[in-house]
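Engineer: have a look; sequence and predicted model below, questions after that.
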Amino acid sequence: MDLQNGCARLDTYSQGTSMDAYKKILLVIDLTQDSELIGARAKAIAACYQGTIDLLHVVEYVPVEPIGEALLPAVQIEGELVARAKQRLHELAARLNLQDSLQTVETGSIKAEIIRIARERKVDLIVLGSRERHGLAILVNFTEDTVLHAAPCDVLAVRLH
């Protein structure tokens, strides 16, 4: 990607509004193999406008019915998932040369946590991946659709194949 031409193209889209608004970027990562591509897009935008990037991964909350001691293993499993996600996020940040960026792993509803973090941190842009959908999957409300409509800021959905 030619960074100078990419920055110039972004300037032409602003049509009189200040693109300096993209100073704080929330990079939402699902820790799949596409995460580096999504990160590269966020880095390109941050480089154009001297912005900062915060990384976020959400471990989906799976409700468990408390039945005596049965809750303990579920809590341990969630703790292990969070610890593993933190390690993988740290490794990804190092590969993207973003090791100094804020790296957060949250638990809960992916959609709700992205919106909550974006509001709390007053981010200017959310960058996340968007996969192609076919058949019945088109009818399902995906994360990027919900975030797009509920976000307090702009959203860049990076097309993934």
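Structural biologist: Nice, I can see it. Numbers count the residues shown, from 1 in each chain.
Engineer: dump the residue contacts of Ile115.
Structural biologist: Residues in contact with Ile115 (C-beta atoms under 8 Å, 6 or more residues apart in numbering) are 147, 150-152. Where you see a C-beta, it was placed from the backbone N, CA and C, and this is true even at glycine.
Engineer: kindly indicate which of those lies nearest Gly39.
Structural biologist: Looking at the contacts of Ile115 and their distance to Gly39, the nearest is Val147, at 17.1 Å (C-beta to C-beta).
Engineer: can you map out the helices along the chain?
Structural biologist: Assigned by DSSP state H, the helices in the chain fall at 3-13, 35-48, 71-95, 110-121, 143-150.
Engineer: run the angle between the third one and helix 35-48 for me.
Structural biologist: With axes from the mean of the first three to the mean of the last three C-alpha atoms, to 10 degrees as the criterion, the two stretches helix 71-95 and helix 35-48 enclose an angle of 50 degrees.
Engineer: Glu113 and Leu31: what is the separation?
Structural biologist: Plainly put, Glu113 is 15 Å away from Leu31 if you go by C-beta to C-beta, to the nearest Å.
Engineer: direction included, what does the longest strand anywhere in the chain pair up with?
Structural biologist: Residue-count comparison of every strand in the chain, with assignments taken from DSSP state E, identifies strand 52-60 as the longest. Strand pairing for strand 52-60, determined by DSSP bridges: strand 24-28 (parallel), strand 103-108 (parallel).
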